[in-house]
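Novice: A structural model of the following input is requested.
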Amino acid sequence: MNRYECLELLVPLITDHLVVTSQSGQRIEWGSLSQHPGNLLLGEMGAALNVGAGLAMALPHRKIVVLESDGSVLLSLSSLATVANLGIRNLAVFVFDNGTYSGTRISEPTATRGKTDLELVAKGAGIERSLTVREAED
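Specialist: Okay, the predicted model is just below:
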């Protein structure tokens, strides 16, 4: 399943959620798929998880969804530990991992194209409900 297909599945599930995206392709794709008034389409790499966590803490009655990329999460790995240690319950994070820093003219591989597994990194940071999804049925 590619990112666009995954986002298409999410669109009808987003009701009164606030949605924060990072700089990558999911920002563009989500913006074209969803005209939801709760969209916060950030243009900064490595910030969506932090902004989403802050919103979740400030607005505990709201559901916050973060659409991140592998490169952005790798840029701010400490955010995973912060989210885990704060025990934020109203935050869902989707990390789209294509193994590439694809925003550059010459795409370079991220660490996830090698030995790094973001699910295991998240679990190691204390985020127990972490899983890798490859197919829509999952």
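
Novice: where does the residue nearest the centre of the chain sit relative to His61, distance-wise?
Specialist: Residue closest to the mean C-alpha point of the chain, counted by Cα atoms, centre = their mean, is Glu68 at 2.7 Å. Distance, Glu68 to His61, using Cβ to Cβ, to the nearest Å: 23 Å. Yep, even glycine has a C-beta here, placed from its N, CA and C like the rest.

Novice: cool, and Asn98?
Specialist: 34 Å.

Novice: that older thread, for the residue nearest to the centre of the chain, grab phi and psi.
Specialist: Phi and psi for Glu68, reported as degrees, to the nearest 10, are phi -120, psi 170.

Novice: Is it in contact with Ala92, as I believe?
Specialist: No. Applying Cβ atoms under 8 Å as the test, Glu68 and Ala92 come out as separate, 10.9 Å apart.

Novice: residues contacting the closest residue to Leu80 other than its chain neighbours?
Specialist: Nearest residue to Leu80, sequence neighbours excluded (Cβ to Cβ, 6 or more residues apart in numbering): Ala125, at 3.8 Å. Neighbour list for Ala125: Leu77, Leu80, Ala81, Val83, Ala84 [criterion: Cβ atoms under 8 Å, 6 or more residues apart in numbering].

Novice: possible to save those residues as CSV with neighbour count and distance to Leu55?
Specialist: Formatted as CSV, the contacts of Ala125 follow (neighbours: other Cβ atoms under 10 Å; distance: Cβ to Cβ, whole Å):
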residue, neighbour count, distance to Leu55
Leu77, 17, 20
Leu80, 23, 17
Ala81, 15, 19
Val83, 23, 12
Ala84, 17, 17
